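>>> coords please:
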Amino acid sequence: MGADCALAALGRAGFANVHTVAAQREPDGHFPTVRFPNPEEPGSMDAVLQLAEQTGAALACANDPDADRLAVAARDPQGALKLLTGDELGLLLADEVLRHAPPGVAVGTTLVSARGLSRLAQHYGAHYFETLTGFKWLALKARTQAQAGRHFAFAYEEALGYAIGEVVWDKDGISALLAIAKLAAALRANNQTLWHRLAEISQKVGVAVSSQATIALDAAGAQALMTALRQAPPRQVGPFDVVSVSDLMNEQTCHAMGLPQANVVLLQLQERAPGEPLIGHARIIVRPSGTEPKVKCYYDMLADSGTEGTWASTRAGALDTLHALMRAHQKLVQKD
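Below you'll find the model as predicted:
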(Lines give C-alpha, C1' and ligand atoms only; values in the text may rest on other atoms or scores of the structure.)
Protein backbone atom coordinates (compact mmCIF):
# COMPACT_ATOMS: atom_id res chain seq x y z
CA MET A 1 0.00 0.00 0.00
CA GLY A 2 2.67 2.50 1.03
CA ALA A 3 4.88 1.55 -1.90
CA ASP A 4 2.21 2.47 -4.45
CA CYS A 5 1.76 5.92 -2.92
CA ALA A 6 5.49 6.49 -2.58
CA LEU A 7 6.28 5.48 -6.16
CA ALA A 8 3.42 7.56 -7.53
CA ALA A 9 4.57 10.64 -5.63
CA LEU A 10 8.20 10.17 -6.64
CA GLY A 11 7.23 9.52 -10.25
CA ARG A 12 5.18 12.71 -10.49
CA ALA A 13 8.17 14.61 -9.13
CA GLY A 14 10.40 13.20 -11.87
CA PHE A 15 12.21 10.45 -9.97
CA ALA A 16 12.25 7.57 -12.45
CA ASN A 17 15.26 5.55 -11.25
CA VAL A 18 13.64 4.11 -8.12
CA HIS A 19 14.13 0.54 -6.90
CA THR A 20 12.09 -1.32 -4.31
CA VAL A 21 12.78 -4.41 -2.21
CA ALA A 22 10.49 -6.98 -3.80
CA ALA A 23 10.09 -9.03 -0.62
CA GLN A 24 8.96 -5.96 1.33
CA ARG A 25 6.88 -4.09 -1.23
CA GLU A 26 3.53 -5.88 -0.87
CA PRO A 27 1.61 -5.90 2.45
CA ASP A 28 2.10 -9.01 4.60
CA GLY A 29 0.77 -8.96 8.13
CA HIS A 30 3.31 -11.56 9.22
CA PHE A 31 6.22 -9.22 8.33
CA PRO A 32 8.53 -12.14 7.46
CA THR A 33 11.56 -10.03 6.50
CA VAL A 34 11.99 -8.05 9.73
CA ARG A 35 11.96 -8.75 13.45
CA PHE A 36 9.55 -5.84 14.04
CA PRO A 37 7.88 -3.66 11.35
CA ASN A 38 9.33 -0.32 12.40
CA PRO A 39 12.24 1.37 10.57
CA GLU A 40 13.64 2.42 13.96
CA GLU A 41 14.42 -1.20 14.86
CA PRO A 42 17.97 -2.50 14.28
CA GLY A 43 18.14 -4.59 11.14
CA SER A 44 14.93 -3.27 9.60
CA MET A 45 16.91 -1.33 6.97
CA ASP A 46 19.24 -4.20 6.02
CA ALA A 47 17.40 -5.26 2.87
CA VAL A 48 17.02 -1.76 1.43
CA LEU A 49 20.64 -0.91 2.27
CA GLN A 50 21.76 -4.04 0.42
CA LEU A 51 19.64 -3.08 -2.59
CA ALA A 52 21.03 0.47 -2.53
CA GLU A 53 24.58 -0.89 -2.66
CA GLN A 54 23.68 -3.22 -5.54
CA THR A 55 22.10 -0.41 -7.55
CA GLY A 56 24.46 2.41 -6.52
CA ALA A 57 21.55 4.45 -5.19
CA ALA A 58 22.24 7.82 -3.58
CA LEU A 59 19.53 7.26 -0.95
CA ALA A 60 18.09 4.25 0.84
CA CYS A 61 14.66 4.99 2.31
CA ALA A 62 12.13 2.95 4.25
CA ASN A 63 8.58 3.61 5.35
CA ASP A 64 6.77 1.51 7.93
CA PRO A 65 3.69 -0.54 6.85
CA ASP A 66 1.25 2.37 7.00
CA ALA A 67 3.87 4.76 5.57
CA ASP A 68 3.65 7.35 8.32
CA ARG A 69 7.32 7.06 9.32
CA LEU A 70 10.48 7.50 7.26
CA ALA A 71 14.04 6.26 7.73
CA VAL A 72 16.84 7.40 5.42
CA ALA A 73 20.45 6.48 4.72
CA ALA A 74 22.46 8.82 2.50
CA ARG A 75 25.91 8.62 1.00
CA ASP A 76 28.52 10.66 2.80
CA PRO A 77 31.21 12.68 0.96
CA GLN A 78 33.31 9.52 0.70
CA GLY A 79 30.45 7.62 -0.93
CA ALA A 80 29.50 5.38 2.00
CA LEU A 81 25.84 4.90 2.94
CA LYS A 82 25.21 6.14 6.48
CA LEU A 83 21.96 6.16 8.41
CA LEU A 84 20.57 9.50 9.51
CA THR A 85 19.03 9.68 12.97
CA GLY A 86 15.46 10.87 13.34
CA ASP A 87 16.76 14.14 14.75
CA GLU A 88 19.20 14.67 11.86
CA LEU A 89 16.51 14.02 9.28
CA GLY A 90 14.21 16.35 11.21
CA LEU A 91 16.81 19.14 11.09
CA LEU A 92 17.36 18.66 7.35
CA LEU A 93 13.66 18.87 6.59
CA ALA A 94 13.06 21.78 8.96
CA ASP A 95 15.95 23.77 7.50
CA GLU A 96 14.69 23.23 3.95
CA VAL A 97 11.16 24.29 4.93
CA LEU A 98 12.35 27.37 6.84
CA ARG A 99 14.64 28.52 4.02
CA HIS A 100 11.51 29.10 1.93
CA ALA A 101 9.07 30.20 4.63
CA PRO A 102 8.32 33.71 5.86
CA PRO A 103 9.36 34.64 9.41
CA GLY A 104 6.95 33.78 12.18
CA VAL A 105 5.79 30.35 10.99
CA ALA A 106 5.42 27.64 13.61
CA VAL A 107 7.69 24.60 13.94
CA GLY A 108 7.81 22.10 16.75
CA THR A 109 9.09 18.86 18.15
CA THR A 110 8.73 16.71 21.25
CA LEU A 111 10.43 16.97 24.61
CA VAL A 112 12.56 13.88 23.95
CA SER A 113 13.87 15.07 20.58
CA ALA A 114 17.25 16.79 20.32
CA ARG A 115 17.44 20.55 20.79
CA GLY A 116 18.70 21.64 17.38
CA LEU A 117 15.26 22.66 16.11
CA SER A 118 14.78 25.30 18.80
CA ARG A 119 18.01 27.00 17.73
CA LEU A 120 17.15 26.63 14.05
CA ALA A 121 13.78 28.28 14.65
CA GLN A 122 15.52 31.16 16.41
CA HIS A 123 17.94 31.54 13.47
CA TYR A 124 15.07 31.86 10.96
CA GLY A 125 12.77 33.91 13.17
CA ALA A 126 10.21 31.10 13.43
CA HIS A 127 7.96 30.33 16.39
CA TYR A 128 9.05 27.15 18.20
CA PHE A 129 6.83 24.87 20.25
CA GLU A 130 7.49 21.69 22.22
CA THR A 131 5.13 18.95 23.34
CA LEU A 132 5.06 15.64 25.18
CA THR A 133 6.11 12.46 23.35
CA GLY A 134 3.70 11.32 20.65
CA PHE A 135 2.54 12.85 17.40
CA LYS A 136 -0.98 13.36 18.73
CA TRP A 137 0.45 16.15 20.91
CA LEU A 138 2.35 17.70 18.00
CA ALA A 139 -0.70 17.59 15.73
CA LEU A 140 -2.89 19.14 18.42
CA LYS A 141 -0.40 21.96 19.01
CA ALA A 142 0.03 22.49 15.27
CA ARG A 143 -3.73 22.90 14.82
CA THR A 144 -3.81 25.30 17.76
CA GLN A 145 -1.07 27.39 16.15
CA ALA A 146 -2.94 27.48 12.84
CA GLN A 147 -6.24 28.42 14.51
CA ALA A 148 -4.43 31.30 16.21
CA GLY A 149 -3.40 32.63 12.79
CA ARG A 150 0.20 31.39 12.80
CA HIS A 151 1.03 29.24 9.76
CA PHE A 152 2.17 25.77 10.72
CA ALA A 153 5.25 24.80 8.70
CA PHE A 154 6.83 21.68 10.19
CA ALA A 155 6.96 19.27 13.12
CA TYR A 156 8.83 16.10 13.85
CA GLU A 157 9.57 13.53 16.54
CA GLU A 158 12.83 11.65 16.89
CA ALA A 159 10.93 8.37 16.31
CA LEU A 160 11.02 9.05 12.53
CA GLY A 161 7.74 10.95 12.31
CA TYR A 162 7.49 14.14 10.19
CA ALA A 163 4.71 16.55 9.21
CA ILE A 164 5.28 19.18 6.52
CA GLY A 165 2.73 21.97 6.22
CA GLU A 166 -1.01 21.96 6.70
CA VAL A 167 -2.08 19.23 4.25
CA VAL A 168 -1.76 16.20 6.54
CA TRP A 169 -2.32 16.95 10.23
CA ASP A 170 -0.28 13.96 11.33
CA LYS A 171 3.07 12.35 10.63
CA ASP A 172 3.35 11.39 6.97
CA GLY A 173 6.20 9.33 5.56
CA ILE A 174 5.27 9.94 1.91
CA SER A 175 5.53 13.75 1.92
CA ALA A 176 8.69 13.48 4.01
CA LEU A 177 10.17 11.00 1.49
CA LEU A 178 9.38 13.32 -1.39
CA ALA A 179 10.88 16.33 0.39
CA ILE A 180 14.14 14.60 1.29
CA ALA A 181 14.48 13.15 -2.22
CA LYS A 182 14.09 16.63 -3.72
CA LEU A 183 16.63 18.07 -1.30
CA ALA A 184 19.15 15.31 -1.98
CA ALA A 185 18.75 15.78 -5.75
CA ALA A 186 19.26 19.54 -5.50
CA LEU A 187 22.38 19.07 -3.39
CA ARG A 188 23.73 16.39 -5.71
CA ALA A 189 23.44 18.80 -8.63
CA ASN A 190 26.00 20.92 -6.75
CA ASN A 191 28.21 17.93 -5.88
CA GLN A 192 26.99 17.93 -2.30
CA THR A 193 25.22 15.45 -0.04
CA LEU A 194 22.78 15.60 2.84
CA TRP A 195 25.81 15.34 5.12
CA HIS A 196 27.23 18.54 3.62
CA ARG A 197 23.93 20.25 4.42
CA LEU A 198 24.02 18.94 8.01
CA ALA A 199 27.49 20.41 8.40
CA GLU A 200 26.14 23.73 7.14
CA ILE A 201 23.19 23.60 9.56
CA SER A 202 25.59 22.96 12.44
CA GLN A 203 27.03 26.43 11.88
CA LYS A 204 23.61 27.79 12.83
CA VAL A 205 22.65 25.49 15.71
CA GLY A 206 25.70 23.55 16.90
CA VAL A 207 26.14 19.81 16.61
CA ALA A 208 23.12 18.00 18.04
CA VAL A 209 23.51 14.28 18.74
CA SER A 210 21.04 11.91 20.34
CA SER A 211 20.39 8.28 21.17
CA GLN A 212 18.20 6.15 23.41
CA ALA A 213 18.11 2.94 25.40
CA THR A 214 15.33 0.85 26.91
CA ILE A 215 15.08 -1.16 30.12
CA ALA A 216 12.72 -4.15 30.09
CA LEU A 217 10.47 -3.82 33.16
CA ASP A 218 6.88 -4.67 34.00
CA ALA A 219 4.53 -1.94 35.23
CA ALA A 220 5.52 -2.40 38.89
CA GLY A 221 9.23 -2.36 38.09
CA ALA A 222 8.88 0.72 35.91
CA GLN A 223 7.01 2.57 38.63
CA ALA A 224 9.62 1.56 41.20
CA LEU A 225 12.39 2.90 38.95
CA MET A 226 10.59 6.22 38.42
CA THR A 227 9.91 6.58 42.16
CA ALA A 228 13.56 5.91 43.01
CA LEU A 229 14.68 8.44 40.41
CA ARG A 230 12.41 11.10 41.88
CA GLN A 231 13.39 10.41 45.48
CA ALA A 232 17.14 10.16 44.92
CA PRO A 233 18.25 11.50 41.53
CA PRO A 234 21.94 11.03 40.75
CA ARG A 235 24.30 13.93 41.40
CA GLN A 236 26.59 12.93 38.59
CA VAL A 237 26.55 10.55 35.62
CA GLY A 238 29.91 9.67 34.11
CA PRO A 239 31.82 12.89 33.34
CA PHE A 240 28.73 15.05 33.87
CA ASP A 241 27.27 16.78 36.90
CA VAL A 242 23.48 16.81 37.23
CA VAL A 243 22.69 20.52 37.49
CA SER A 244 18.89 20.32 37.60
CA VAL A 245 16.05 17.81 37.81
CA SER A 246 12.60 18.46 36.28
CA ASP A 247 9.73 16.22 37.31
CA LEU A 248 6.75 16.48 34.97
CA MET A 249 4.45 15.09 37.63
CA ASN A 250 5.02 18.38 39.45
CA GLU A 251 2.32 20.87 38.51
CA GLN A 252 4.54 23.95 38.87
CA THR A 253 7.24 22.39 36.72
CA CYS A 254 4.75 21.56 34.00
CA HIS A 255 3.32 25.06 34.07
CA ALA A 256 6.80 26.57 33.71
CA MET A 257 7.57 24.28 30.76
CA GLY A 258 4.16 24.73 29.15
CA LEU A 259 3.45 21.00 29.20
CA PRO A 260 0.74 18.76 30.69
CA GLN A 261 1.61 16.52 33.61
CA ALA A 262 3.28 13.26 32.62
CA ASN A 263 5.34 10.49 34.14
CA VAL A 264 8.64 11.94 32.92
CA VAL A 265 11.84 12.99 34.68
CA LEU A 266 14.41 15.19 32.94
CA LEU A 267 18.02 15.56 34.10
CA GLN A 268 20.05 18.51 32.85
CA LEU A 269 23.78 17.84 32.89
CA GLN A 270 26.97 19.77 32.41
CA GLU A 271 30.36 18.25 31.80
CA ARG A 272 32.86 18.62 34.63
CA ALA A 273 36.34 18.79 33.15
CA PRO A 274 38.35 21.55 34.89
CA GLY A 275 40.74 23.26 32.54
CA GLU A 276 39.37 21.51 29.46
CA PRO A 277 37.02 22.84 26.77
CA LEU A 278 33.36 22.09 27.34
CA ILE A 279 32.22 19.44 24.88
CA GLY A 280 28.59 20.16 25.43
CA HIS A 281 25.53 20.25 27.61
CA ALA A 282 23.57 17.02 27.82
CA ARG A 283 20.17 15.76 28.95
CA ILE A 284 18.75 12.47 30.11
CA ILE A 285 14.99 12.00 29.91
CA VAL A 286 13.38 8.93 31.50
CA ARG A 287 9.79 7.77 31.07
CA PRO A 288 7.87 4.48 31.10
CA SER A 289 6.54 3.32 27.74
CA GLY A 290 2.82 3.81 27.37
CA THR A 291 2.37 0.66 25.28
CA GLU A 292 5.16 -1.79 26.18
CA PRO A 293 6.67 -3.22 29.40
CA LYS A 294 9.77 -1.07 29.45
CA VAL A 295 11.28 2.25 30.51
CA LYS A 296 12.71 4.51 27.82
CA CYS A 297 15.83 6.60 28.39
CA TYR A 298 16.63 9.40 25.94
CA TYR A 299 20.04 11.04 25.71
CA ASP A 300 21.03 14.14 23.79
CA MET A 301 23.87 16.62 23.65
CA LEU A 302 24.34 19.96 21.95
CA ALA A 303 27.99 20.74 21.24
CA ASP A 304 29.72 23.74 19.69
CA SER A 305 29.94 23.30 15.94
CA GLY A 306 33.47 24.53 15.29
CA THR A 307 33.98 25.04 11.54
CA GLU A 308 32.34 23.25 8.64
CA GLY A 309 35.59 21.40 8.05
CA THR A 310 35.66 20.04 11.59
CA TRP A 311 31.96 19.12 11.77
CA ALA A 312 32.52 15.41 11.20
CA SER A 313 35.16 15.14 13.93
CA THR A 314 33.08 17.27 16.31
CA ARG A 315 30.06 15.02 15.70
CA ALA A 316 32.14 11.88 16.22
CA GLY A 317 33.57 13.23 19.48
CA ALA A 318 30.15 14.26 20.73
CA LEU A 319 28.74 10.83 19.91
CA ASP A 320 31.60 9.14 21.77
CA THR A 321 30.88 11.27 24.83
CA LEU A 322 27.13 10.66 24.53
CA HIS A 323 27.61 6.90 24.32
CA ALA A 324 29.89 7.00 27.37
CA LEU A 325 27.14 8.91 29.19
CA MET A 326 24.60 6.28 28.17
CA ARG A 327 26.77 3.45 29.46
CA ALA A 328 27.35 5.24 32.76
CA HIS A 329 23.65 5.97 33.20
CA GLN A 330 22.54 2.45 32.30
CA LYS A 331 25.05 1.08 34.81
CA LEU A 332 23.60 3.34 37.50
CA VAL A 333 20.04 2.34 36.67
CA GLN A 334 20.73 -1.38 36.47
CA LYS A 335 22.57 -1.25 39.80
CA ASP A 336 19.55 0.35 41.46
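>>> residues near residue 223, how many?
By the criterion of other Cβ atoms under 10 Å, residue 223 has 14 neighbours. (Glycine included, C-beta is placed from N, CA and C.)
>>> gap between it and residue 250?
17 Å (Cβ to Cβ, to the nearest Å).
>>> how about residue 143?
Distance of residue 143 to residue 250, given as Cβ to Cβ: 27 Å.
>>> can you list contacts of stretch 216-227?
215, 263, 265, 286, 287, 288, 289, 293, 294, 295, 333, 336 (Cβ atoms under 8 Å, 6 or more residues apart in numbering).
>>> mind redoing it with 6 Å?
288, 293, 294, 295 (Cβ atoms under 6 Å, 6 or more residues apart in numbering).
>>> only whichever of those residues are buried, select them in ChimeraX.
To isolate in ChimeraX the members of the contacts of stretch 216-227 that are buried, counting by 16 or more other Cβ atoms under 10 Å, one can use:
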select :288,294,295
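>>> from the contacts of stretch 216-227, which is closest to residue 194?
residue 294 (31.6 Å; Cβ to Cβ).
>>> tell me where the stretch 201-336 of the chain has strands.
Along the stretch 201-336 of the chain, counting by DSSP state E, counting those that start in this stretch, strands occupy 207-216, 236-237, 240-247, 265-271, 280-288, 294-303.
>>> export the ones you listed to JSON lines and append columns for distance to residue 121.
Output for those, formatted as JSON lines (distance: least, Cβ to Cβ, whole Å):
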{"stretch": "strand 207-216", "distance to residue 121": "13"}
{"stretch": "strand 236-237", "distance to residue 121": "29"}
{"stretch": "strand 240-247", "distance to residue 121": "21"}
{"stretch": "strand 265-271", "distance to residue 121": "20"}
{"stretch": "strand 280-288", "distance to residue 121": "18"}
{"stretch": "strand 294-303", "distance to residue 121": "14"}
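>>> if we compare these, which one ends up closest to residue 20?
Closest of those to residue 20 is strand 207-216, at 29.1 Å (criterion: Cβ to Cβ).
>>> what comes up buried for the closest one?
Buried-residue list, strand 207-216, by 16+ other Cβ under 10 Å: 207, 208, 209, 210, 211, 212, 215.
>>> please apply the same query to stretch 7-23.
By neighbour count on 16+ other Cβ under 10 Å, the buried set for stretch 7-23 is 10, 15, 21.
>>> and the helix or strand of the chain with the lowest mean pLDDT, what other elements does it pack with?
In the chain, no helix or strand scores lower on mean pLDDT, DSSP states H and E than helix 22-25, which sits at a mean of 80. Here helix 22-25 touches no other helix or strand, going by 3 or more Cβ pairs under 6 Å, 6 or more residues apart in numbering; DSSP states H and E.
>>> mind running it again at 10 Å?
In terms of contacts (3 or more Cβ pairs under 10 Å, 6 or more residues apart in numbering; DSSP states H and E), helix 22-25 is packed against helix 2-12, helix 46-55.
>>> contacts for the longest one, please.
In this structure, residues lying in contact with helix 2-12 by Cβ atoms under 10 Å, 6 or more residues apart in numbering are 15-18, 20-21, 24-27, 61-70, 172-175, 177-178, 181-182.
>>> so where do the strands sit in the stretch 1-150 of the chain?
Secondary structure of the stretch 1-150 of the chain (DSSP E, counting those that start in this stretch): strands at 59-63, 70-75, 81-83, 106-110, 127-131.
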